[in-house]
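In: generate coordinates for the sequence data below:
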Amino acid sequence: MKHLISISLALATLATLALASPTLLAATAVEDGNRTQTIHIGNLGEPNDLDPHIADSTQTSAIIQALFEGLVTYDPETCEPRPGVAEKWEASPDGLTWTFHLRANARWSNGDPVTARDFVYSFRRILMPGLAAEYASMFYVLKNAEPLYTGKLAPDAPDQLGARAADDHTLILTLEHPAPYLPAMLCHTAWLPVHRATIEKFGKPDQRGTPWTRPGNMVSNGPFTLAEWKPNQLIRVEKNETYWDAPNVRLRAAIFYPVENEDTEERMFRAGQLHVTATLPISKIAVYKKDTTGVFDPAPYLSTYFYRFNTAKKPFDDARVRRALAMAIDRERLVKYVTRGGQLPAGHLCPPDTAGFTATANLPSDPAAARQLLADAGYPGGKNFPRVEILYNTNESHRQIAEAIQQMWRRELGIDAGLCNQEFKVFNDTLRNGDYQIARFGWVGDYIDPSTFMDIMTSDSGNNQTGWKNAEYDRLIAEARRAPDPRRRYECYQRCEQILVDECPIAPIYFYVRDNLVATSVQGWHGNLLDVHPLKYVWLGSLRSQIPNPEIPNPK
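Out: So this is what the prediction gives:
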């Protein structure tokens, strides 16, 4: 899933005042939150919407997964699938039919029962072409999902989809091919159910942006309900008393803040305004590495940072140009001197050892070869190369990375690249509309399997957004989906990674490490590969310390 990085002036001012004069506040938000079981979370950017079927980032999904629950949910420590609305399930011997048994006591927040028909409706909805859901292709595992979405089957033939309700509490999914990783895939936001009557009260099922996702309108089935949404300020969710497992949910509320500025977020944390940050400024990483309070605990993260090339725009329609720019990036130097958080240089898309898969293809950093490729493309020494622009969503770390790459391209290739930043919602629309040349991007695995990375570059993936299409790549992905065993599937992925290295629709840069801050009072929040933290398992205890080592200076 996409990884993004406005906060109101009032919040920033509050954090500064609290640092300058702690006596101004009787208690910090964190201290009050610990007492009332209200967690305060920095969440990077404003959500595009709270509709599960069009969520566009991991941060948006974090809010949605507090509001809705699917057939299965993530284990908070291992990210393995755990029972959600479905209390159990089984697969047929051939792996093509999966039967899910739903809880009789699962309820929507308005008291309606959650039924198998709700899931059938929701799966049909995300496959409506008019919704233009980025994750529609994830549903191609279901029988007839692809022809329904692409129009090969008539829109009035949804009953042919491989999802049917045998009764209110029995959902049967029929697959196009065996998919042993199906339960893990079902944890993803795209597979969450929506309440049909609510959707259709406020618009058409395939209509984006209707007010059904607003406080007072939303009907959800997760451990929390939507209580407040102040755009660019905060989103507040409160415990859902109709949730089937409500007695075991200890938090009373969670408040998410769209803080795009890393320094502001870190100051808010030290001022006791946040329990959890989404990021950590690069300038503070070295200092926090010396911290002994436990608020900083870097963890491996199944995610890749890369640059996209818009292959529909010249000169990026030429693979030689794309490879030249990608090979002129010194990834080793970038992670050592710029990001400095323990990231690993990336020469391919899928992080190493993802469910046992490690790509053998590797895109080297080779300025001499890059210069030759650029010359072969008709731009020797960068002569006559058009001025290009690197687009990134507003964030200090993205800016520093872009500046470093800008310098590398100027030094090694004689290319002049400008920089442009946009607030995340605008940035995301720009990518979806293809109105860019080069753009930073981060992809977080949706489940622990290489398919969650490899599938995003197919021609029909809503998450591709590069304009790049390759028939052989698509064929290999289709073959991998039908492969009888992991060995054959991984062979297909090896060839796909080589195609990506040869054609470079993307320039892989590094594999992430999760660098953020978590208050010592936060319990049940575990570092894990997908950086998912189901709030139903989280609670707040006593605060040992919110201020780390004294070496961290107060902001001037």
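
In: just give me the longest strand of the chain.
Out: Determined from DSSP state E, the single longest strand within the chain is strand 299-309.

In: check the gap between residue 168 and residue 193 for me.
Out: Distance from residue 168 to residue 193, counting by CB to CB, to the nearest Å: 13 Å. All C-beta spots, glycine's among them, are computed from the backbone N, C-alpha and C.

In: higher neighbour count, the two?
Out: Higher neighbour count among residue 168 and residue 193: residue 193, with 27 against 14, using other CB atoms under 10 Å.

In: the residue lying closest to residue 96 once chain neighbours are set aside: how many residues sit nearby?
Out: Closest residue to residue 96 apart from its sequence neighbours, by CB to CB, 6 or more residues apart in numbering: residue 175 at 5.0 Å. Using other CB under 10 Å, residue 175 has 21 neighbouring residues.

In: now swap in residue 80 and tell me
Out: With other CB under 10 Å as criterion, residue 80 counts 14.

In: strands along the stretch 451-556 of the chain, start to end?
Out: Assigned strands in the stretch 451-556 of the chain, in chain order: 506-514, 522-523, 539-540 (criterion: DSSP state E, counting those that start in this stretch).

In: I'd like those as CSV, with distance to residue 90 appended.
Out: Below are those laid out as CSV (distance: least, CB to CB, whole Å):
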stretch, distance to residue 90
strand 506-514, 34
strand 522-523, 34
strand 539-540, 33
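
In: next SSE after the lowest-mean-pLDDT helix or strand in the chain?
Out: Every helix and strand in the chain was compared by mean pLDDT, DSSP states H and E; the lowest is helix 9-20, with a mean of 46. Elements were assigned by DSSP states H and E; along the chain past helix 9-20, the next helix or strand is helix 29-36.

In: quick one, phi/psi of residue 88?
Out: Dihedral angles of residue 88 (phi, psi; degrees, to the nearest 10) stand at phi -160, psi 170.

In: who is the residue lying closest to it once chain neighbours are set aside paired with across the strands?
Out: Leaving aside its sequence neighbours, residue 88 sits nearest to residue 101 (CB to CB, 6+ apart; 5.1 Å). Beta-bridge partners of residue 101, counted by DSSP bridges, are residue 88, residue 170.

In: just to check, residue 101 is in contact with residue 167?
Out: No - judged on CB atoms under 8 Å, residue 101 makes no contact with residue 167 at a distance of 10.2 Å.

In: the two: who's more crowded?
Out: Legend: neighbour count by other CB under 10 Å for residue 101 and residue 167, higher for residue 101 (18 against 10).

In: tell me the pLDDT at the more buried one?
Out: pLDDT recorded at residue 101 is 98.

In: what about it, distance to residue 172?
Out: From residue 101 to residue 172 the distance is 10 Å (CB to CB).

In: next: residue 313.
Out: 45 Å.

In: kindly report the same for residue 307.
Out: According to CB to CB, residue 307 stands 43 Å off from residue 172.

In: more neighbours: which of these two?
Out: residue 307 (23 against 16).

In: for that one, what are its contacts?
Out: When contacts are counted by CB atoms under 8 Å, 6 or more residues apart in numbering, residue 307 touches 326, 390, 405, 438, 439, 440, 441, 506, 507, 509.

In: using TSV, please lay out these together with distance to residue 318, pLDDT and neighbour count.
Out: Formatted as TSV, these follow (distance: CB to CB, whole Å; pLDDT from 0 to 100; neighbours: other CB atoms under 10 Å):
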residue	distance to residue 318	pLDDT	neighbour count
326	13	98	26
390	18	98	23
405	19	98	25
438	14	98	24
439	18	97	23
440	21	97	25
441	21	95	23
506	15	98	25
507	14	98	22
509	21	98	24
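
In: mind checking which of those are in strands?
Out: Among the contacts of residue 307, the members found in strands (DSSP E) are 390, 438, 439, 440, 441, 506, 507, 509.

In: and those, which two are furthest apart?
Out: 390 and 506 (13.6 Å; CB to CB).

In: domain map for the chain?
Out: Domain assignment for the chain, taken from automatic domain parsing, gives 1-51+222-297+516-546, 69-209, 300-513.

In: now find how far off-centre the longest one is within its chain.
Out: Read that as domain 300-513. From the chain centre to the centre of domain 300-513 is a distance of 17 Å (CA atoms, centre = their mean, to the nearest Å).

In: start to end distance for that domain?
Out: Using CA to CA, to the nearest Å, one end of domain 300-513 lies 5 Å from the other.

In: run through the strands of the stretch 101-250 of the chain in chain order.
Out: Taking DSSP E, counting those that start in this stretch to define them, one finds strands in the stretch 101-250 of the chain at 163-167, 170-174, 224-230, 234-239.

In: pick the most buried one from the strands of the stretch 451-556 of the chain.
Out: Among the strands of the stretch 451-556 of the chain, strand 506-514 has the highest mean neighbour count (mean count of other CB atoms under 10 Å), at a mean of 23.

In: now do that one: distance to the chain's middle.
Out: 14 Å.

In: CSV for the domains of the chain, including distance to residue 58?
Out: Formatted as CSV, these follow (distance: least, CB to CB, whole Å):
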stretch, distance to residue 58
domain 1-51+222-297+516-546, 5
domain 69-209, 9
domain 300-513, 5
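
In: of all those domains, which one is nearest residue 63?
Out: domain 1-51+222-297+516-546 (5.5 Å).

In: any idea what the residue nearest to residue 96 is bridged to?
Out: residue 142.

In: just to revisit the earlier point, can you add distance to residue 141 and give the contacts of residue 307 back as CSV?
Out: As requested, the contacts of residue 307 are exported to CSV (distance: CB to CB, whole Å):
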residue, distance to residue 141
326, 31
390, 35
405, 37
438, 32
439, 29
440, 30
441, 24
506, 24
507, 30
509, 30
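
In: between the residues you listed, which sits nearest residue 55?
Out: The closest of those, once distances to residue 55 are taken by CB to CB, is residue 441, at 16.1 Å.
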